[in-house]
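A.B. asks: This is the structure alone, sequence omitted:
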């Protein structure tokens, strides 16, 4: 899950879902981000044509389309507009929403109140190690964002218009005059503001109403409806907070939640607060799923989810204020180390100029692939969808072809000049002989003593004239020959700047960036959809990326408090009928005995990798409909592994959170390519991405750890690197309860498949989008990072999917309290938390 995602490039446009399209005034198709999403407003900029001095003369290369036609070079400043590498998948979006600049730079300190910041600092003061100075790329802090606009922004809602979801839930308001809609927006934004001011305490309607100024509080029914809507769909009163109203003693409806990951726990907590009877079944012996933290003594390291990808709009921000979460900004400086070319295993620092130069080329290559996909519609080749990796290698080959063509053209020009000079030289030789002959004839005629007859005189003048004309021709040809010699000398002195597009060294550094992109997506680039791999980029949160210094598992542990959770309980069968559901589970601790749980609805938050498993790990009766399984098969589920190394001392730069290791081959580019220094105790986490992640799962821990130590010794020296005190090697693909790390948009898939994964299933399957019969309401619901189109592969996406499904289930079984009485007889509209 986005667990591992930090910022690594992701560019290109994903179309906004119809339901939210009108709420986001952002540029679409051809978007922009270091990697894939490239907001293109014209042809891409030229790619440098030389390699050794890649980018030094950025105008001597040109981008070719598949037909070989050169594309116009655009402005020369594109590389500077692209952000520096930060680690994971992409840079922050240039525009999150059309809002004040200060909203787009919301940081942790800005979001917390002064009292909360002091409280957190007090908790840390006892054992806090001195913090290293921030590097120059630290975001400047601004005044805390407050007010109604800020509350809507933090809740991922437009402050000045109703969303399509709200329009569906409040048709009477959307059909009313503008003044009524403005009243709705004020009430909604005010309630959000009141909640965000103190998310540790339940915000009841009774407490909210007196704090809404007159005359906005005059329509108490509307205030109650808005409050109910926001609460039901997870905008307020979610997470870990103190309740003012006790939980209902009489439970209405029984729900079984499969999986105690962040999605399942978020949903279960909400459903319990809504008054439903909820039981969570979890196969592991712990909660959290792919959020897992290694803890031993003072050592802490996240084995799965690790990064909070921005605070602006992130629901995790609210959780961090409710529980003891120590957030720390990740410094973006990331020095790269490559082989020194002399001693095997010895590394040297990649120069800043070379690093930036190759990174600019990396971003240009991504822009070129976006242009191929979104402007030239190059998305299929021989009837098969083109992957991002295919497109990148194609553009590289086109550039190499262009470089070779320039070389050939250069040689052809030299040969042409040489042939022309050869022809001239032959003419000069011929003229020289002719001159000698004419000179002799003229001299012989001139030696006739006068008086000469008219014939003799004519002969002298004729020979003189012919000799003069021939000498003039000889002089002109000699001058032309001299000009050709100058051109040839100039041409020979200025050959193409390089005989290759990418030198072997350039390619190795470029492969590091490709590995970083494979880390961001948890899969080799050869499997990613060229057109849709970055379809969620427009929804990235603002602000710096942060890590949880006390371990990300503190979040699911806090969410699990007070819930009925049965650990070590593996699901074997799910039966759903018009009258209810049955879940058959096996207790892994009691000799494998099976139990049957009956309920009204089942929320399945099994990872996509488990749903993909063949033969099926969980059987559904009736089987999941064809459209659901087709989406399961089309979508990709990736793999990313970590090597945790705990030492007794720090031997690296404590002021650097990230440093990279450049592999020697394309095939091994993802092997231990990035090291993280995030925690108080001396701990490093090495990442293994791409093809290497799968290979590593079949190698022993000793070999992997030994390889990691060898890499570190190459960077810091043999004597500087001690043997680790503790080590952990993850193998997420082999984990039977996850079967991988997180989802990605595979070639042949699109963002639509996330919507299909989120669609509930009724006992008698219907095509998505068609009305359900009252007797055939959905009984099987789906949550998880693979079910949320706008925020896939992230912890916050998993959380939002859980809130979404809790609202959906409660609306179906408890009714929608935010609807007018005349609407209650209708099926509540599907509402998706954005």
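C.D. replies: Received, thanks. Here the structure is a predicted model, which means the values were calculated and not measured.
A.B. asks: Could you list the low-pLDDT ranges of the protein?
C.D. replies: By pLDDT under 70, the low-scoring segments of the chain are 1-145, 765-775, 821-834.
A.B. asks: That one - how does it break down into domains?
C.D. replies: With domains defined by automatic domain parsing, the chain comprises 2-241, 254-289+555-632+750-814, 336-380+504-535+638-729, 392-493.
A.B. asks: wait, which of those domains is closest to residue 329?
C.D. replies: Among the domains of the chain, the nearest to residue 329 by CB to CB is domain 2-241 (7.1 Å). C-betas here are computed from N, CA, C, even on glycine.
A.B. asks: And the strands in the stretch 151-300 of the chain?
C.D. replies: Taking DSSP state E, counting those that start in this stretch, the strands of the stretch 151-300 of the chain run over residues 254-258, 277-281, 293-296, 299-302.
A.B. asks: Quick check: residue 161 vs residue 184, distance?
C.D. replies: Distance of residue 161 to residue 184, given as CB to CB, to the nearest Å: 10 Å.
A.B. asks: before we move on, what about residue 478?
C.D. replies: For residue 478, the distance to residue 184 equals 91 Å [CB to CB].
A.B. asks: Which of these two has more residues huddled nearby?
C.D. replies: Using other CB atoms under 10 Å, the more surrounded residue of residue 478 and residue 184 is residue 184, with 23 against 13.
A.B. asks: which residues sit in contact with the residue lying closest to that one once chain neighbours are set aside?
C.D. replies: Distance criterion CB to CB, 6 or more residues apart in numbering; nearest residue to residue 184, sequence neighbours excluded, is residue 173 at 4.9 Å. With contact taken as CB atoms under 8 Å, 6 or more residues apart in numbering, residue 173 is in contact with 162, 166-167, 180-181, 184, 222.
A.B. asks: how about those residues in a markdown table, adding distance to residue 206?
C.D. replies: Listed next are the contacts of residue 173 as a markdown table, based on distance: CB to CB, whole Å:
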| residue | distance to residue 206 |
| --- | --- |
| 162 | 25 |
| 166 | 23 |
| 167 | 28 |
| 180 | 24 |
| 181 | 25 |
| 184 | 20 |
| 222 | 16 |
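A.B. asks: Compare those residues and tell me which is most surrounded.
C.D. replies: Top of those by neighbour count (other CB under 10 Å): residue 166, with 25 neighbours.
A.B. asks: Look up how far residue 229 lies from that one.
C.D. replies: 7 Å.
A.B. asks: Among the contacts of residue 173, which pair sits farthest apart?
C.D. replies: Spatial extent of the contacts of residue 173 (CB to CB) is set by the pair 167 and 222 at 15.1 Å.
A.B. asks: out of the domains of the chain, nearest to residue 313?
C.D. replies: Comparing the domains of the chain against residue 313 with CB to CB, the closest turns out to be domain 2-241 (4.8 Å).
A.B. asks: for the stretch of helix or strand residue 547 belongs to, the distance to its chain's centre please.
C.D. replies: In the assignment (DSSP states H and E), residue 547 maps to strand 545-548. Distance, stretch centre to chain centre, for strand 545-548: 16 Å (CA atoms, centre = their mean, to the nearest Å).
A.B. asks: same for that strand, what does it pack against?
C.D. replies: Secondary-structure packing of strand 545-548 (3 or more CB pairs under 8 Å, 6 or more residues apart in numbering; DSSP states H and E): strand 307-309, strand 327-329.
A.B. asks: out of those strands, nearest to residue 811?
C.D. replies: So among those, strand 307-309 is nearest, using CB to CB, at 29.5 Å.
A.B. asks: next SSE after the closest one?
C.D. replies: Once the chain leaves strand 307-309, the next helix or strand it forms, by DSSP H and E, is helix 315-322.
A.B. asks: helices or strands next to that next one in the packing?
C.D. replies: Helix 315-322 packs on helix 108-111, strand 307-309, helix 554-560, helix 795-814, going by 3+ CB pairs under 8 Å, 6+ apart.
A.B. asks: picking that back up, Throw the domains of the chain into a markdown table and include distance to residue 306, thanks.
C.D. replies: Below are the domains of the chain laid out as a markdown table (distance: least, CB to CB, whole Å):
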| stretch | distance to residue 306 |
| --- | --- |
| domain 2-241 | 6 |
| domain 254-289+555-632+750-814 | 9 |
| domain 336-380+504-535+638-729 | 8 |
| domain 392-493 | 27 |
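A.B. asks: Nearest to residue 314, out of those domains?
C.D. replies: Nearest to residue 314 among the domains of the chain is domain 254-289+555-632+750-814; the distance by CB to CB comes to 5.2 Å.
A.B. asks: Highest mean neighbour count out of the strands of the stretch 151-300 of the chain?
C.D. replies: Neighbour counts (mean count of other CB atoms under 10 Å) averaged over each of the strands of the stretch 151-300 of the chain peak at strand 254-258, with a mean of 26.
A.B. asks: Please enumerate residues in contact with that strand?
C.D. replies: Contacts with strand 254-258, where a contact means CB under 8 Å, 6+ apart, come from 264, 267-268, 271, 276-281, 571, 574, 581, 583, 597-606, 618, 809.
A.B. asks: Any of those buried? List them.
C.D. replies: Among these, the ones that count as buried by 16 or more other CB atoms under 10 Å are 264, 267-268, 271, 276-281, 571, 574, 581, 583, 597, 599-606, 618, 809.
A.B. asks: other SSEs contacting the longest helix anywhere in the chain?
C.D. replies: Longest helix in the chain by number of residues, with DSSP state H as the criterion: helix 388-446. Identification of packing neighbours for helix 388-446 by 3+ CB pairs under 8 Å, 6+ apart yields helix 352-374, helix 454-493.
A.B. asks: hey, which of the ones you listed is tucked in deepest?
C.D. replies: Compared across those, helix 352-374 shows the largest average neighbour count, a mean of 23 (mean count of other CB under 10 Å).
A.B. asks: who touches the helix or strand just after that one?
C.D. replies: Scanning forward in sequence from helix 352-374 by DSSP H and E, the next helix or strand is strand 380-381. Residues from elsewhere that reach strand 380-381 (CB under 8 Å, 6+ apart): 386, 390.
A.B. asks: Show me the strands paired with strand 380-381, marking each as parallel or antiparallel.
C.D. replies: strand 384-385 (antiparallel) (DSSP bridges).
A.B. asks: Residue 520 versus residue 796, what's the distance?
C.D. replies: Computed with CB to CB, the distance linking residue 796 and residue 520 is 16 Å.
A.B. asks: An error on my part: the question was meant for residue 237.
C.D. replies: In this view, residue 237 and residue 520 are 33 Å apart by CB to CB.
A.B. asks: Looking at these two now, which is surrounded by more residues?
C.D. replies: Shown here are residue 237 and residue 520; by other CB under 10 Å, residue 520 has more neighbours (31 against 21).
A.B. asks: before we move on, which element is that one in?
C.D. replies: Going by DSSP H and E, residue 520 is in helix 504-521.
A.B. asks: Which strands or helices does that helix pack on?
C.D. replies: Going by 3+ CB pairs under 8 Å, 6+ apart, helix 504-521 lies up against strand 336-339, helix 352-374, strand 674-676.
A.B. asks: which of the residues in it are buried?
C.D. replies: Neighbour-count burial for helix 504-521, counted by 16+ other CB under 10 Å, picks out 505-521.
A.B. asks: can you count the residues close to residue 336?
C.D. replies: As a burial measure, residue 336 scores 26 neighbours (other CB under 10 Å).
A.B. asks: Would you mind confirming that it is in contact with residue 349?
C.D. replies: Yes: contact criterion CB atoms under 8 Å: residue 336 and residue 349 qualify, at 7.3 Å.
A.B. asks: Name the residues of stretch 651-661 that come out as buried.
C.D. replies: For stretch 651-661, a neighbour-count test (16+ other CB under 10 Å) marks 651-652, 657-661 as buried.
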